[in-house]
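Undergrad: need a structure here:
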Amino acid sequence: VNNFNAGDKIDITDAKNGTFTFNKITMNSDANLDDYINKAVAGDGSTNSAVSYFHHNGYTYVVVDGTAGATFTKATDTIIKLSGTLDLKLSGDNVVVDDGSVI
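TA: Now for the predicted structure:
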């Protein structure tokens with residue numbers, strides 16, 4: 001997704017299970033994209049999804065883990081690539097740019 005900015009939102013209602021956690025993933029500079037994705041889906045998201053985001057090579061990735069498995073599953077997990085390095089937060093069931101404002 002290009003030009004994702006403050007005021008834009010990603011509605012994850014249909015991608016999540018139950019309630020969910022939201023966190024930013026950071027890793028060592030030698031980590032590759034697969035390392036980040038594997039860390040994002042390492043938990044059990046089958047009952048309550050784990051929503052994570054991370055920065056890699058100038059992009060921001062949002063991952064919704066919707067399965068119990070520890071690997072990315074196309075049918076039940078979701079990944080969204082955003083251009084640029086963005087800080088994100090949740091607003092209800094939406095992922096939005098964290099511009100410092102209170103929601």
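Undergrad: quick check: phi and psi at residue 65.
TA: Here is the backbone geometry of residue 65 (degrees, to the nearest 10): phi -90, psi 110.
Undergrad: burial count for the closest residue to it other than its chain neighbours?
TA: Nearest in space to residue 65, with sequence neighbours left out and distances taken as C-beta to C-beta, 6 or more residues apart in numbering, is residue 45 at 3.4 Å. C-betas here are computed from N, CA, C, even on glycine. Using other C-beta atoms under 10 Å, the number of residues around residue 45 comes to 27.
Undergrad: OK, contacts around residue 45?
TA: 17, 20, 64-68, 77 (C-beta atoms under 8 Å, 6 or more residues apart in numbering).
Undergrad: give the helix, strand or coil label for it.
TA: coil (DSSP: H, G, I helix; E, B strand; the rest coil).
Undergrad: which stretches of this protein form helices?
TA: Taking DSSP state H as the criterion, the chain carries its helices at 33-40.
Undergrad: what residue is smack in the middle of it?
TA: Of all residues in the chain, the one closest to the mean position by C-alpha atoms, centre = their mean is residue 62, 2.5 Å from it.
Undergrad: from residue 37, how far out is residue 74?
TA: Distance, residue 74 to residue 37, by C-beta to C-beta, to the nearest Å: 12 Å.
Undergrad: output the below-cut-off pLDDT ranges for this structure.
TA: Applying pLDDT under 70 to the chain picks out residues 100-103.
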